[in-house]
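**Q** sequence unavailable; structure follows:
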C-alpha cells in the first residue's frame, strides 16, 4: 500500500519552497544534500514517500538543474551543491524577471502610444460612438479619468432602470474621489419612482440633482474639456459624438450653466407664481403652444404625455375663464402671463 504523504516543514525546506520548489521536492533535495549517495528507495523510506513520488521530485529537481547524474553511483542522481545550483537558479529567475519587466515596459509604451494616438484623433475630428454599448464603454472610461467635475443633462422620463443601475458603479467611484457630479432632469421625472430613487441615491452619495420643465438635449461634459452629445437627439440610443474642440465644449458648458441656474434642486418644491398662480411647467406649456407647437411636440419637450398637456391646459383655461385655447392665449397675453 502506498505510504501516506508527509508534510514537510523546517527552515531549509521553507526557504526552498520560496524559490519555487514543491514541499516534497525541497525535502528530497535537502535529504540528498544530507545523505549523499542515497538512492530512491532510501529517500522514499526516509521521507515516507512512494518510489513514484521520489521519481517525480527528482524530475522536478532535474528541470531546475538542482540534481545531476551521479558519476560514482551509476543510475542514481546526486544533488548539486546550493552554492552552485541555487545560485544558478536565482540567476535564471532574475534573468526571467528582467525579461518580463522589459516586456511589460514595452507593452506599457505601446499602450501609451495607442492612447495618445486615439486622443489626437478624437481632438482633431471628434469620434462617433455607435450604439449604447460604445456609449457606455466611453462613459466608463471618462468616469475613470475625470479629475474635477462631471455635468449631465438627462431629458425625458424614459430612463430605463437597468441603464441607471449600470451607471451606479462609475458614479460611486467618482463621488468617492471627490468628483463634483451635477445632473439635470426634467420636472416630469418627479413622478417616475425608479428615476427618483436613482436621483436620491445620487444625492445620498454627494451628487447634485436639479430639475426644470424644459432642459437642453442629452449631454455629458467631463472636466469642462470634453463632451458627449447624441448623434440623433430624437433617438439617443443610436450613438453619440465625443468632442474635445474647446470652442464647442465651451458653448456646451455655457448652455448647461444657464439651464442649471434656472433649475430647482430635486428636494425642493416648485413654488407657483404668486401673481399668476402658474407653475413653471404651466408657464412653459403656454409659451410652447403659443409658439405654434402641437400638443404632442409640447408634451415631448416637457417630458410628459399628451394627456398631461390636456389636463394642464384645462386647468389654465379654467383659471382664465376661457372657452378655447385661442381665447386662453389672448387672455394670457393680455394678463402678461406670456
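**A** Received it, and whenever you're ready, just let me know what you need. This structure is a prediction, so every number in the text was calculated from the model and none was measured.
**Q** for residue 189, give me the backbone phi and psi.
**A** Main-chain torsions, residue 189, degrees, to the nearest 10: phi -70, psi -10.
**Q** how about the strands of this protein, start to end?
**A** Secondary structure of the chain (DSSP state E): strands at 67-69, 77-79, 127-130, 149-154, 180-186, 208-212, 219-222, 226-230, 239-243, 264-265.
**Q** which one of those strands lies nearest to residue 306?
**A** Nearest to residue 306 among the strands of the chain is strand 180-186 (15.7 Å), distances taken as C-beta to C-beta. (C-beta placed from N, C-alpha, C; glycine too.)
**Q** out of the strands of the chain, nearest to residue 44?
**A** Here strand 77-79 is closest among the strands of the chain (C-beta to C-beta), at 13.5 Å.
**Q** quick check: mean pLDDT of the closest one?
**A** For strand 77-79, mean pLDDT rounds to 85.
**Q** spatially nearest residue to the residue nearest the centre of the chain, not counting backbone neighbours?
**A** Nearest to the mean C-alpha position of the chain, by C-alpha atoms, centre = their mean, lies residue 140 at 3.8 Å. The spatially closest residue to residue 140, leaving aside those adjacent along the chain, is residue 170, at 5.4 Å (C-beta to C-beta, 6 or more residues apart in numbering).
**Q** from residue 217, how far off is that neighbour?
**A** 22 Å (C-beta to C-beta, to the nearest Å).
**Q** these two: which has the busier surroundings?
**A** A count of neighbours by other C-beta atoms under 10 Å puts residue 170 above the other of residue 170 and residue 217, at 18 against 12.
**Q** what number of residues lie near residue 81?
**A** By other C-beta under 10 Å, 11 other residues sit near residue 81.
**Q** also residue 157?
**A** A count of nearby residues for residue 157, using other C-beta under 10 Å, gives 18.
**Q** in contact with it, which residues?
**A** Counting by C-beta atoms under 8 Å, 6 or more residues apart in numbering, residue 157 makes contact with 186, 188-189, 191-192, 195, 303-304.
**Q** for the protein, what spans make up the helices?
**A** Per DSSP state H, the chain carries helices over the ranges 11-18, 23-34, 40-47, 51-63, 82-125, 132-145, 161-166, 168-176, 193-204, 246-262, 280-290, 295-302, 306-320, 325-334.
**Q** just list what the third one packs against, helices and strands only.
**A** Pointing back at helix 40-47 there. Under the contact criterion of 3 or more C-beta pairs under 8 Å, 6 or more residues apart in numbering; DSSP states H and E, helix 40-47 touches helix 23-34, helix 51-63.
**Q** okay, the residue nearest to the centre of the chain: pLDDT?
**A** Per-residue confidence (pLDDT) for residue 140: 81.
**Q** can you count the residues close to residue 24?
**A** Applying other C-beta under 10 Å, we find 20 residues neighbouring residue 24.
**Q** to clarify, my last question referred to residue 51.
**A** With other C-beta under 10 Å as criterion, residue 51 counts 15.
**Q** kindly report the same for residue 229.
**A** Neighbourhood size, residue 229 [other C-beta under 10 Å]: 21.
**Q** that one and residue 169, how far apart?
**A** 24 Å.
**Q** ditto for residue 100
**A** From residue 100 to residue 169 the distance is 32 Å (C-beta to C-beta).
**Q** quick check: buried residues in stretch 164-177?
**A** Counting neighbours by 16 or more other C-beta atoms under 10 Å, one finds that the buried residues in stretch 164-177 are 164, 167, 170-172, 174-175.
**Q** ok, residues contacting that stretch?
**A** Contacts with stretch 164-177, where a contact means C-beta under 8 Å, 6+ apart, come from 136, 139-140, 143-144, 146, 150, 181, 194-195, 198, 201-202, 205-207.
**Q** just to revisit the earlier point, out of the helices of the chain, which is the most enclosed?
**A** Stretch with highest mean neighbour count among the helices of the chain: helix 23-34 (a mean of 22; mean count of other C-beta atoms under 10 Å).
**Q** tell me the confidence at the residue sitting furthest away from the middle of the chain?
**A** Going by C-alpha atoms, centre = their mean, the residue of the chain most distant from its centre is residue 72, 64.9 Å out. Per-residue confidence (pLDDT) for residue 72: 75.
**Q** find the nearest non-adjacent residue to it, please.
**A** Ranked by C-beta to C-beta, 6+ apart and with sequence neighbours excluded, the top spatial neighbour of residue 72 is residue 37, at 7.2 Å.
**Q** kindly list the main-chain dihedrals of the residue farthest from the centre of the chain?
**A** Main-chain dihedrals, residue 72, degrees, to the nearest 10: phi -90, psi -30.
**Q** and of the helices of the chain, who's closest to residue 154?
**A** Of the helices of the chain, nearest to residue 154 by C-beta to C-beta is helix 193-204, at 8.6 Å.
**Q** sorry, back to before: of the helices of the chain, which is nearest residue 235?
**A** Of these, nearest to residue 235 by C-beta to C-beta is helix 132-145, at 11.0 Å.
**Q** gap between the closest one and the chain center?
**A** Distance of helix 132-145 from its chain centroid, counting by C-alpha atoms, centre = their mean, to the nearest Å, is 7 Å.
**Q** going forward, the N-terminal residue is numbered 399.
**A** Let's use 399 as the start, then, which means that last one is helix 530-543.
**Q** and for that helix, what are the contacting residues?
**A** The contact list for helix 530-543, computed with C-beta under 8 Å, 6+ apart, reads 527, 548, 561, 564-565, 568-569, 571-572, 618, 620, 624, 626, 635, 637-638, 640.
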